[in-house]
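1. Need the 3D shape of this:
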Amino acid sequence: MKRRTVVLAYSGGLDTSVAIRWLTDRGWDVAALLVDVGQGADAKSAAARAQRIGASRIIVKDLRKIFVQEFILPALQAHAVYEGRYYLATALSRPLIARALVEAAHQVKATAVAHGCTGKGNDQVRFEVGVRALDPSLEIVAPVREWEFKSREDELAYARRQRLPLEASAGKLYSIDRNLWGVSIEGGDLEDPWSAPPESAFLMTRAPKRQGSETIRVQFARGVPVAINGQRQELMALIERLSRLGGAWGIGRSDLVENRLVGIKSREVYEAPAAAILHAAHRDLESLVLDRALWHYKEGLAHDYARLVYDGLWFTPLKVALDAFIRETQQVVTGEVRVELRPGQAVCVGRKSPHSLYRHELATYSHGDQYDQSLAKGFITIWGMPYVGRGKHGRKS
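-> Numbers count the residues shown, from 1 in each chain. You can find the predicted model right below:
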C-alpha cells in the first residue's frame, strides 16, 4: 500500500523531531518543511537531523523578506499590540508558515500537513485556520494532541529509545520561539506568575549596567521605516539593527499574564526591541500628521487588528478590509522621529514631517499667537448644549 505524504512544519526542536518518527511509524511519508523567519537556527544541520530521523524529503524556504514586508510591516502600521504588551512576533509568523505549508503540500502532492503545536496553545489555531482558509481539502495532523506522551520528559525518553539525533538543547528549561520581530519565552519556572524571569532567560536584550541614554533618528516614508540616523537600509536590515541597538538598552521586554484564545491564562515573557522602538516612533509620527478623528478611529482599530492576528484570522475578509484602510492612512506618514534609548525605554523626544498638522501660530502662548480665544466661549456653549442641566442622573431636573 502506497504511503500518504504529509508536510510537517519542522522547527528542529524536540516536538517536531519526535513527530517525524511518530508520523513515520504510523505510515506517513514525511516531508519536513523548514521556514526561515529569522530564528537564527542552522538550517543545514536541522535539515540533516530531520533526514536522519526519517524525513523522506526536506524543503527549506528563506521567507525573511516576505515576513518583514507582508506580515511585520502591516502589523506595525496598524499598531497591533495584543493586550498592550505583546508585539505579536510569534503570532505574525504563523500565517506565513501556514501558507508555506499549503504551497509545499501542493509542490510534493501531499494530502496532509502537520504541526508540532500543543492542544493548549494559540499556534494550533493559527496554523489550522490558516491552512483551511487556503486549502480546505488538506488533512491536518497534530501529533502532540494525539500521541501517548504526557510530558516533555516522556518525549525525551522516547527520543533516547529511538536514538533520535536531537539538538544539544533538547533538554532546555524554557520553550522558546524566535524570529526577526522578537522572542517568546515560556515554561519552566516562568509558569509561576510570582517568579521573576532570570537574566539567563533573555536572548535579545540585556539589562544595561550603563546609565544615561542614546539618541537615534528614525525616518519613515509613507509609513515604512527607511533609515536610521540618515542611513537608508532595507527594512529587514533596519529591524536587525534596531534589535541590536534596543537590545543593548534592555528595551522591548514584556512580562504578562496573557489571555489565550483557547480560554486559559498563561504567563508569557517576550522580547521585541526593534518592535518597541518602531511602534513608539511610528505612532508618534502619526500623531503629528493624522487629524484628530482619523487618529482616534485608527487607534481604536489597533486593538481589533491585534486580536485578529492573535486569534489566527489573518486570511479573512475583515483583515483584507482593515489592511486597505490602514494603507490609505499611511500616505502622509512621512517624516523623522528622534527617539531616546534609555534603560528599558524608547522615548520619542522630537518629530517632524512635511505633512505636519501642527501649527505653531495656533499652539503658542507667546508672541505670534493667531488663535482667537474669544471664539472659545461660543464653541463651548454649543458643544455642551445637549448636557445642560441633565445632572448626574442623565436627565433634566
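2. what's the spacing between residue 357 and residue 213?
-> Going from residue 357 to residue 213 by CB to CB, to the nearest Å gives 28 Å. In short, each C-beta sits where N, CA and C put it, glycine included.
3. ok, now which ones touch the residue nearest to residue 58 when sequence neighbours are not counted?
-> Distances taken as CB to CB, 6 or more residues apart in numbering put residue 47 closest to residue 58, at 4.5 Å, once the chain neighbours are dropped. The contact partners of residue 47, taken as CB atoms under 8 Å, 6 or more residues apart in numbering, are 32, 34, 58, 60.
4. Figure out the helix or strand that residue 183 lives in.
-> Assessed by DSSP states H and E, residue 183 sits inside strand 182-186.
5. centre of the chain versus that strand, how much separation?
-> 10 Å (CA atoms, centre = their mean, to the nearest Å).
6. residues near the residue lying closest to residue 342 once chain neighbours are set aside, how many?
-> Setting aside the residues directly before and after it, residue 342 is nearest to residue 213 in space (CB to CB, 6+ apart), at 4.6 Å. By other CB atoms under 10 Å, the residues close to residue 213 number 14.
7. got it, and residue 373?
-> Neighbours of residue 373 (other CB under 10 Å): 7.
8. Shouldn't it be within a strand?
-> No: going by DSSP: H, G, I helix; E, B strand; the rest coil, the assignment for residue 373 is coil, not a strand.
9. now it: how far from residue 365?
-> For residue 373, the distance to residue 365 equals 10 Å [CB to CB].
10. Direction included, what does the strand holding residue 183 pair up with?
-> strand 175-179 (antiparallel), strand 265-271 (antiparallel) (DSSP bridges).
11. Tabulate the CA atom coordinates of the last one in CSV.
-> The reference is to strand 265-271. Extracted C-alpha coordinates of strand 265-271, given in CSV (Å, rounded to 0.1, in the frame of the first residue of the first chain):
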residue,chain,number,x,y,z
LYS,A,265,-4.4,32.3,31.2
SER,A,266,-0.7,31.9,30.5
ARG,A,267,2.4,33.6,31.9
GLU,A,268,4.4,34.8,28.9
VAL,A,269,7.7,36.6,28.7
TYR,A,270,8.6,38.4,25.4
GLU,A,271,11.5,40.4,23.9
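12. Could you tell me how far that strand lies from the centre of the chain?
-> 13 Å.
13. so what's residue 318 up against?
-> By CB under 8 Å, 6+ apart, residue 318 lies in contact with residue 308.
14. which ones are touching residue 236?
-> Contacts of residue 236 (CB under 8 Å, 6+ apart): 38, 64, 65, 68, 180.
15. Just give the number of residues close to the first one.
-> In this case it means residue 38. 23.
16. Looks like it contacts residue 62 (just checking).
-> No: the criterion here is CB atoms under 8 Å, and residue 38 misses it with residue 62 at 9.6 Å.
17. Run through the strands of this structure in chain order.
-> Applying DSSP state E to the chain gives strands spanning 4-9, 28-36, 57-62, 112-114, 139-141, 175-179, 182-186, 214-221, 224-228, 231-232, 253-259, 265-271, 335-342, 345-352.
18. wait, which of these is closest to residue 151?
-> Closest of the strands of the chain to residue 151 is strand 175-179, at 12.7 Å (criterion: CB to CB).
19. for the record, mean pLDDT for the closest one?
-> The predicted model assigns strand 175-179 a mean pLDDT of 92.
20. hmm, back to that, of the contacts of residue 47, select the buried ones using a ChimeraX command.
-> Here is the ChimeraX command that selects the buried residues among these (16 or more other CB atoms under 10 Å):
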select :32,34,58
